[in-house]
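In: with the sequence up front, the predicted model follows.
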Amino acid sequence: MHIVILVLVEVLIVIGLSRLVGLAFRSIKQPLVIGEIVAGIMLGPSLFGLVAPHLAVTLFPPETFPFLNVLSQVGLIFFMFLIGLELNPKYLGGQLEVAVLTSHVSILVPFSLGTLLAVLLYPLVSDASVSFTAFALFLGAAMSITAFPVLARIITENNLQGTRLGTLALTCAAVDDVTAWCLLAVAIAVARTGDFAGAIPTIIASIVYIGLILTAGRWFLQRLAKHYLRAGRLSQLLLAGIYMAVVASALITELIGIHLIFGAFLLGAAMPKNEDLVRELAVKTEDFVLIFLLPIFFAYSGLKTQIGLLNRPELWLLCALVLAVAIAGKYVGTYVAARVSGISKREASALGWLMNTRGLTELIVLNIGLELKVISPLIFTMLVIMALVTTFMTSPLLEWTYPKKLIRLDVVEPELEAETATSATDAETYIRPYRILVPVANPSTQKGLLQLAASIALNSRHPAVVNPLSLIEFEEDYAFESTPVEADRLIAQRRQQLEELINTLEPVEIRAHVRPIVRISSNVARETAQIAALKQADLILVGWHRPAFSSNRLGGRVGQMLTTAPVDVAVFVDRGGEQLESLLVPYSANIHDDLALTLALRLLINRETCLLQVLQVVPENQLKDELSYELNTMMEQLPSSVRDRIEIKIVQAPNPIQAVVEASKNVDLTIAGTSRTWGIERQTLGRYTDQLAIQCSSSLLITRRYSQVSAHLASMLPDVSSQEPTLRS
């Protein structure tokens, strides 16, 4: 009973630390799984055992290792089943000939270099109990692995699944996955029998079993899928049957002489790829596997990783050599094959970095090698470091080689096609449209935000585009929803929701100018800022949707956009009013108030019945404010049809915020700049209470101008005054 309690305590520590470190790594744009692997290493002799050896032995005594091993093996079986389940034939549909050549060369080159490296390493880090053939085969296989799940998630997070590069990378990785696992199966068979001749019966038995699974097994699984379609749900009985099949298949491959994981992977790959069945089966399975079982596997691996074994400079040099061979073999093999196939230099380089990622798949391979005693703890530690470094470097090198501005050129989007067509038909007269980017978190509740954006942007004298932006954020690396095929389905579903929202906008003619953008994102605020820069947006209009607002401040994602976006930003606090007939702009002549006034003038021009009150609050005993002169000058330059609907009001009050709050009772929308005058400070959001946002009676638009150079109102007038009212409310 004492051991069971100790194992449960270990599980608590493992899960908690894995989540914390994983989230820390996600914050630096790294896969969650890298943080979880590092967390496992931290719990082992490399850190915890080094810093507090007595406590480490107390919490993780050797007698608990078998229990952790059993849990980790169960986790691996079902994780490999999930990998096979996600190996969709759709990934093999694009550029298959190029992918087959590229993927096989990307295996052959690192495998060959790995076997050559084995000649050097075998006498240094191995012993006579392991045959050179088994050692060389295993080292070559370890060098050849590409982590398909991690690569697929990197492609999804970078919105590459709809590009030439993304399609080719997925196809290469899928082919690579199948080939590499077959190669590893041979290496394991040789390791268990001692030589290649002794492994031949195991290899033949494996081929026979694969044939059975792909024929009789697939026929049986198809019957299960038909039962699922009739029932319309995955019942507990059916799920129990599938799980029993997974375990049975794993046991068969273990008895054949390869490894448990191959049977589970094979059954997952053979499962019918009915979208609904795969989705429900993955969702039901993955949470427990990813949250509970896999971190235990990482911890178990970490307990066997001893970085302290690299205690001499020559051993670190060997580790660096292992890393160099792994990177060069995978990258060079992929790059050369891709260039021979006619792929451009930039895409070939990006493909090389993508195929170089190893992640959890490499860790699985290494644990098998250590378990079979083909590799020693020393070479195991070197290869774990190699797996971490190659996975860690993938995202930054991909961004450096193939930045997001080039991904945008590679993705065909409806709105991009429309703009290209417009500029091509009349290149000389093409005018860049005024563009508002509108982040839409929930299409069903944000009609008011989109309607306001259209009202600000659209008129007949200057082209304009409103881009509703919906970013789908994934929390987990290995969750089924973040696979490229499922991500495409979610993108299509979200785009349809946005189209339905657009079709509710009035008047009807504005709908043609509203063009949705849907992307996958790991950081909504950062991605919004990047897209705004790429699309050359003039304004980001973001909604704040806590109706009570209470004492909340403009923090979180809204605050991040306000402080970091490289374009003008406006935050809309919607009080529920649908009319935009009366506007209020508190004005104190700073650049943020200038933006507020500019947006108010656009609304005024675009809506003939709209009225604007410009409110200046001056301290008591001050009869006239000098800013009135600039406002009066602006008034004189406006068309009379606009000027007649503007009132400049000067109010003496000791508290500017209360004066604005009082005036907001009589208007539909208040537009205020981010200024401490109005209780809103751009640079210190979160430290000061945003009083106006809390107390304002009308709907509120908070504006923040990006440019730090003062923009005088007079310089804006030519654009504003040349516009005529055309769109009526």
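Out: Happy to help now that I have it.
In: which residue comes closest to L309 once chain neighbours are left out?
Out: Closest residue to L309 apart from its sequence neighbours, by Cβ to Cβ, 6 or more residues apart in numbering: L378 at 4.8 Å. C-betas here are computed from N, CA, C, even on glycine.
In: isn't that neighbour right up against E314?
Out: No - under the criterion of Cβ atoms under 8 Å, L378 is not in contact with E314, lying 12.0 Å apart.
In: report the beta-bridge partners for the nearest residue to I646 once chain neighbours are set aside.
Out: Using Cβ to Cβ, 6+ apart and skipping the chain neighbours, the partner closest in space to I646 is L612 (4.8 Å). Beta-bridge partners of L612, counted by DSSP bridges, are L583, I646.
In: is L612 in contact with T598, as I believe?
Out: No - under the criterion of Cβ under 8 Å, L612 is not in contact with T598, lying 11.8 Å apart.
In: now do the same contact list for V558.
Out: Residues near V558 by Cβ atoms under 8 Å, 6 or more residues apart in numbering: 542, 544, 571.
In: residue contacts, the second one?
Out: For W544, the contact set (Cβ under 8 Å, 6+ apart) comprises 554, 558, 571-574, 693.
In: one step back: buried residues in the helix or strand containing the residue nearest to L309?
Out: L378 is part of helix 377-401 when elements are defined by DSSP states H and E. For helix 377-401, the neighbour count (16 or more other Cβ atoms under 10 Å) marks 378-388, 390-392, 394-395, 397-398, 401 as buried.
In: same deal with stretch 665-675?
Out: For stretch 665-675, by 16+ other Cβ under 10 Å, it's 667-675.
In: quick one: which of those has the lowest pLDDT value?
Out: Lowest pLDDT of the buried residues of stretch 665-675: S675, 75.
In: got the phi/psi numbers for that one?
Out: Phi and psi for S675, reported as degrees, to the nearest 10, are phi -140, psi 140.
In: helices and strands around the helix holding L378, which ones?
Out: In terms of contacts (3 or more Cβ pairs under 8 Å, 6 or more residues apart in numbering; DSSP states H and E), helix 377-401 is packed against helix 32-42, helix 96-125, helix 148-157, helix 294-304, helix 313-340, helix 345-355, helix 359-371.
In: and these: which comes nearest M635?
Out: helix 148-157 (50.6 Å; Cβ to Cβ).
In: what's the angle between the helix or strand following the closest one and helix 148-157?
Out: Scanning forward in sequence from helix 148-157 by DSSP H and E, the next helix or strand is helix 164-193. Angle of helix 164-193 versus helix 148-157, following axes from the mean of the first three to the mean of the last three Cα atoms, to 10 degrees, is 170 degrees.
In: and helix 164-193, what's buried?
Out: 165-193.
In: again, but for stretch 45-61
Out: Judged by neighbour count (16+ other Cβ under 10 Å), stretch 45-61 contains these buried residues: 45-49, 56, 60.
In: what does that stretch rub up against?
Out: Against stretch 45-61 from outside (Cβ under 8 Å, 6+ apart): 6, 9-10, 13, 41-43, 302-303, 305-308.
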